[in-house]
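Peer 1: quick one: sequence and predicted model below, then my questions.
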Amino acid sequence: MTQRNRRLWLEAAIIFAAWTVFGLLVANQSSMLSSLGGRPMPWVVALRPAMLEAALWAVTTLAIFWLARRVPLERGRVLRGVAVHLVAAVIIALARTGVMVVLGWYVTWFRVRTFGAQFWGSSSQNALFYALLLGIAHLVVYYRRYREREQAAEQLARGLTEARLQALKMQLQPHFLFNTLNAISALIPADAKPARRMVARLGDLLRSTLEHEETQEVTLREELAFLEPYLEIEQARLEDRLTVVMTIAPETLDARVPHLLLQPLVENAVRHGIAARIEPGRVEISASRGPDDRFLHLEIRDDGRGLNPDDNRDADGRTRRGVGLTNIRARLEQLYGADHRFTFENHAGGGVRVRISLPFRLEEKAYRRAEKREKPAR
C-alpha cells in the first residue's frame, strides 16, 4: 500500500471515529431529554437513529474532503471554488434527503417524512455542516501542503549537501586542506608556473564550493565563474585533447540556476566523453532564451563515443543511474516540480547531449535594473 493510500485510509478512519463519537453523544442527549420530559426512552432506541445519521454524515464528510482537495478555495480561483461548492452543497443535501426518505420506507424505527419536508427541514443544518466540514477540510489540505513544503526544503538541503560533497570528492577540514595546498605550492619550483597555477585554481574551486555551501540558487554568471577553475584544471591535465566552447547569451547571465548544476554535468562529459579516449575532444556549453520564452535553456554536449546501453545496466539488466545525475534530477524536481525539462541522450552528431530547461527568473538586482530600463519605453 502506498503512503498516499495509507494516508487516505487513516483519514477515513478518523472521520468515521469522530462521527461515531458524535452519534453516541447525540443518542445520550436524546435519552436524557426524553427522561426529563417524562417520556423515558431506552438508550439503545435513541442510539439507532443517531448512529444512522452519524454514518450518513461520515460518508458526506468523505465526499466534501475529496472535493476540497480537487477544488480548493485558493487565490486566483476563489469564485470558481465558491460556485462549485455551492452546487455541491445542494447536490449533497438532495442526496442525503433522498437516502433518508428511502430509509424511512424500509426501516421501521426510522421516522418517515416526505421529500420536501425533509429537505427544507434540514436545509439550514446541511448548509451549516457543509461550511464547517469544508473549513476543516481546507485546514487539513493547507497543513498537508505546509508539511510537504517543509519536507521538500529538507530534501533540497540534503541534495545540496550531497552535491557539494560530490564536487569536493573528499571529507577534509577546509583549513587543513588549504594549508596543505599552500604547502604543496611552496614546494613546487618557482619556474614551474603551470603547476603552481593548477594548485591555485584547485584552491579557488574548493573555496568557491565552501562559500556557497548553503545556497540553493545562484546566477548563471556565478555558476560559470565557479565552473571556470575546474575547466582550467582539466585543460591543464588534458592539454590539447580538450577544447571547451561556450555560447552564452548575454541576457541569460543574471538568470537564476541551481548551484552546482553545471560542474557535475561538465565533469561527466569530460570524464566519459573526452578523457576516456586518445583523440582530441570537444565540450560545448550553451545558454539561451528564445523570444517571448519563459524558459532558460542550458545544454552541455561532448563529441565522445556516446552512451552504450549495455554499459549502463547492472547484473539484473536494470538501468544504472550515476549519483550525480540522480541527484541533479531530484533537485530539479524539488525546486521546479513539473515546470522543467531534463534530458540526457545520445546526440545525432556523436557524443552525449544534456538539455535542461528551467523557468527564466532573474536575480533580484538584475530584475530591478531591467525594470528601470523598461520604464522610459512605457
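Peer 2: Happy to help now that I have it.

Peer 1: across the sheet, point out what pairs with the residue lying closest to Val354 once chain neighbours are set aside.
Peer 2: The spatial neighbour of Val354 that comes closest, neighbours along the chain excluded (CB to CB, 6 or more residues apart in numbering), is Ile300 at 4.6 Å. Where C-beta positions appear, they are placed from N, C-alpha and C, glycine not excepted. For Ile300, the beta-bridge assignment (DSSP bridges) gives partners Ile285, Val354.

Peer 1: any idea how far Gln263 is from Ile300?
Peer 2: With the distance defined as CB to CB, to the nearest Å, Ile300 ends up 10 Å from Gln263.

Peer 1: show me where the stretch 1-150 of the chain has helices.
Peer 2: 3-36, 43-70, 78-106, 115-121, 123-168 (DSSP state H, counting those that start in this stretch).

Peer 1: how far away is the residue nearest to Val354 from Phe360?
Peer 2: Taking CB to CB as the measure, Ile300 falls 18 Å from Phe360.

Peer 1: could you do Ala195 as well?
Peer 2: Taken as CB to CB, the spacing of Ala195 relative to Phe360 amounts to 41 Å.

Peer 1: and what of Phe226?
Peer 2: If you measure Phe226 against Phe360 using CB to CB, the figure is 20 Å.

Peer 1: looking at those two, which one has more neighbours?
Peer 2: Between Phe226 and Phe360, counting by other CB atoms under 10 Å, Phe226 is the more crowded of the two (22 against 16).

Peer 1: ok, the more buried one touching Val266?
Peer 2: No - using CB atoms under 8 Å, Phe226 is not in contact with Val266, being 10.8 Å away.

Peer 1: quick one: buried residues of stretch 224-243?
Peer 2: Leu224, Phe226, Leu227, Pro229, Tyr230, Leu231, Glu232, Ile233, Glu234, Gln235, Arg241, Leu242 (16 or more other CB atoms under 10 Å).

Peer 1: what average pLDDT does it get?
Peer 2: For stretch 224-243, the mean pLDDT works out to 84.

Peer 1: now swap in stretch 254-261 and tell me
Peer 2: Here stretch 254-261 scores 90 as its mean pLDDT.

Peer 1: centre of the chain to it, how far?
Peer 2: 17 Å (CA atoms, centre = their mean, to the nearest Å).

Peer 1: extract the C-alpha set from that stretch and format it as CSV.
Peer 2: Backbone C-alpha positions of stretch 254-261 (Å, rounded to 0.1, in the frame of the first residue of the first chain) are rendered in CSV as follows:
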residue,chain,number,x,y,z
ASP,A,254,21.6,37.1,-14.5
ALA,A,255,19.1,34.2,-14.6
ARG,A,256,18.9,32.0,-11.5
VAL,A,257,20.0,28.4,-11.7
PRO,A,258,20.6,25.7,-9.1
HIS,A,259,24.0,25.9,-7.6
LEU,A,260,26.4,23.1,-8.6
LEU,A,261,24.3,22.3,-11.6
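
Peer 1: still on that earlier bit, was I right to think the residue nearest to Val354 contacts Ala287?
Peer 2: No - the pair Ile300 and Ala287 does not pass the contact test of CB under 8 Å, sitting 10.1 Å apart.

Peer 1: so which strand or helix has the residue nearest the centre of the chain?
Peer 2: Within the chain, one residue has its C-alpha closest to the average C-alpha position: by CA atoms, centre = their mean, that is Gln334, at 3.6 Å. Following DSSP states H and E, one finds Gln334 within helix 323-336.

Peer 1: torsion angles phi and psi at the residue lying farthest from the centre of the chain?
Peer 2: Outermost residue of the chain with respect to the C-alpha centroid, by CA atoms, centre = their mean, is Gly38; its distance is 62.4 Å. Comment: the main-chain dihedrals of Gly38 come out as phi 80, psi 10, following degrees, to the nearest 10.

Peer 1: max pairwise distance over the buried residues of stretch 224-243: which two?
Peer 2: Across the buried residues of stretch 224-243, the two members that end up farthest from each other (CB to CB) are Phe226 and Arg241, 23.2 Å apart.

Peer 1: who touches Arg237 in this structure?
Peer 2: Shown here is Arg237, whose contacts under the criterion CB atoms under 8 Å, 6 or more residues apart in numbering are Met198.

Peer 1: nearest to Met100 among the buried residues of stretch 224-243?
Peer 2: For those, the closest approach to Met100 (CB to CB) belongs to Phe226, at 68.4 Å.

Peer 1: over to that closest one. Which of the three states is it?
Peer 2: helix (DSSP: H, G, I helix; E, B strand; the rest coil).

Peer 1: gap between it and Gln216?
Peer 2: According to CB to CB, Phe226 stands 14 Å off from Gln216.

Peer 1: what does Gln29 give?
Peer 2: Taking CB to CB as the measure, Gln29 falls 55 Å from Gln216.

Peer 1: of the two, which one has the most company?
Peer 2: Each of Gln29 and Gln216 has its neighbours counted (other CB under 10 Å); Gln216 has more, 17 against 12.

Peer 1: look up the pLDDT of the more buried one for me, please.
Peer 2: 76.

Peer 1: can you name the residues that contact it?
Peer 2: By CB under 8 Å, 6+ apart, the contact set of Gln216 is Leu156, Leu160, Pro258, His259, Leu335.

Peer 1: number of residues surrounding Arg149?
Peer 2: Residues within reach of Arg149, counting by other CB under 10 Å, total 10.

Peer 1: hmm, I was thinking of Phe16
Peer 2: With neighbours defined by other CB under 10 Å, the count for Phe16 comes to 17.

Peer 1: domain map for this protein?
Peer 2: Using automatic domain parsing, the domains assigned to the chain come out as 3-151, 212-377.
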